[in-house]
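Student: one predicted model, sequence on top.
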Amino acid sequence: MSKNYKVLEVSSLVFKVLSWASLAIGIVAGIVIFVGGGTPEAPRATGFVGILLGVVYFYMFLVAAEVIALLLEIRSKVEKGA
């Protein structure tokens, strides 16, 4: 792999870490709200929102990481073929 694309390689790794972190934080936040019983400002249904957002952010960050990895792979095959 060319050294010109080190930032993209690191970015892919960062997005993968962010995806798993957002999933874990969303699930933990949802569980904390469920166990805490909720308050009038944040009812228990907010726990579902926390879990849902954790899953959505997980998916978005993971897709971004995979797209970057795909682009890097395409670039490396173009460099080998040319």
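Tutor: Perfect, I can see it now. On a predicted model such as this, the values are computed, not experimentally measured, just so you know.
Student: which residue is nearest the middle of this structure?
Tutor: By Cα atoms, centre = their mean, the chain has its centre lying nearest to residue 19, at 2.0 Å.
Student: residues contacting that residue?
Tutor: Residue 19 makes contact with 57, 58, 59, 60, 61, 62, 65, according to Cβ atoms under 8 Å, 6 or more residues apart in numbering. Placement of C-beta: from N, CA and C, glycine included.
Student: go again using 10 Å as the cut-off
Tutor: 54, 57, 58, 59, 60, 61, 62, 63, 64, 65, 66 (Cβ atoms under 10 Å, 6 or more residues apart in numbering).
Student: of those residues, closest to residue 23?
Tutor: Of all these, residue 23 sits closest to residue 58, with 3.9 Å by Cβ to Cβ.
Student: so that closest one sits right up against residue 17, yeah?
Tutor: No - checked against Cβ atoms under 10 Å, the pair residue 58 and residue 17 is beyond contact range at 11.4 Å.
Student: so those two - more neighbours on which side?
Tutor: The residue with more neighbours, out of residue 58 and residue 17, is residue 58; 20 against 12, by other Cβ atoms under 10 Å.
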